[in-house]
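Enquirer: Predicted model and sequence below, questions to follow.
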Amino acid sequence: MRRLSLILCLFWPLAAVGFQIDTFRSGMTREEVKAALKSYDFERVKDFSPTTLVAYDTPERASHRQFIFDFCNDRLVGLAQEVAPSLRNLVIIVNNYNERYGQPMRVTAATNVTSIGERNELAFHWRNGPDVIGVRYVTTAPVETLMLLYESPNNCWQIPR
């Protein structure tokens with residue numbers, strides 16, 4: 001019994017670890033996420049796959065609102081949030097994350113060619129306990145995207161992806 005108490009004391013804090021972005025927190029079920037999304041008034045909420053839920057506004061709205069939720073065993077383990085893409089926004093976000101989490105654990109700069117042309121990516125990843133927080137800026141002419149990424153450890157894939 002004493003051994004069980006010791007194990008619970010050691011691992012109890014890990015249960016509270018996870019990201020919380022606005023009303024979304026790691027560990028939520030798909031149904032809890034869908035219920036929380038109702039207050040955001042997205043134009044569309046779609047089950048993209050068994051592990052992915054996407055909420056977004058159409059391009060005509062020009063709000064740049066898009067959330068991508070990733071689930072493992074019906075629990076939220078990843079959230080990507082689109083932000084209006086600009087170099088200014090990238091610099092502000094990276095500066096804020098550097099102040100909060102220190103220097104990134106990984107920086108990636110990559111270029112490759114896809115079927116629609118050249119794709120350039122600059123990504124930063126920080127560790128916050130066992131979670132990974134990322135910023136990804138991607139350009140594929142004529143489209144640019146800036147995404148904020150939040151991932152929790154899970155048994156479906158290794159983070160960061």
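Expert: Now that the structure is in, tell me what you want to look at.
Enquirer: ranges for the strands of this structure?
Expert: Shown for the chain, the strands assigned by DSSP state E span residues 20-21, 24-25, 44-49, 52-56, 66-72, 75-83, 106-114, 117-128, 131-140, 143-151.
Enquirer: Dump these to TSV, plus mean neighbour count.
Expert: All C-beta atoms are positioned from the backbone trio N, CA, C, and that covers glycine. Converted to TSV, these look like this (neighbours: other Cβ atoms under 10 Å):
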stretch	mean neighbour count
strand 20-21	12
strand 24-25	18
strand 44-49	12
strand 52-56	18
strand 66-72	19
strand 75-83	21
strand 106-114	10
strand 117-128	16
strand 131-140	19
strand 143-151	18
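Enquirer: In a markdown table, list those along with mean pLDDT and distance to Val33.
Expert: Formatted as a markdown table, the strands of the chain follow (pLDDT from 0 to 100; distance: least, Cβ to Cβ, whole Å):
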| stretch | mean pLDDT | distance to Val33 |
| --- | --- | --- |
| strand 20-21 | 91 | 11 |
| strand 24-25 | 95 | 6 |
| strand 44-49 | 93 | 9 |
| strand 52-56 | 96 | 6 |
| strand 66-72 | 96 | 5 |
| strand 75-83 | 95 | 6 |
| strand 106-114 | 93 | 27 |
| strand 117-128 | 94 | 21 |
| strand 131-140 | 95 | 17 |
| strand 143-151 | 94 | 13 |
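Enquirer: Of all those strands, which one comes closest to Trp157?
Expert: Between Trp157 and these, the shortest separation by Cβ to Cβ is 7.5 Å, and it involves strand 66-72.
Enquirer: before we move on, back to that, possible to save the strands of the chain as a markdown table with distance to Val91?
Expert: Formatted as a markdown table, these follow (distance: least, Cβ to Cβ, whole Å):
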| stretch | distance to Val91 |
| --- | --- |
| strand 20-21 | 21 |
| strand 24-25 | 26 |
| strand 44-49 | 31 |
| strand 52-56 | 25 |
| strand 66-72 | 21 |
| strand 75-83 | 12 |
| strand 106-114 | 14 |
| strand 117-128 | 11 |
| strand 131-140 | 10 |
| strand 143-151 | 11 |
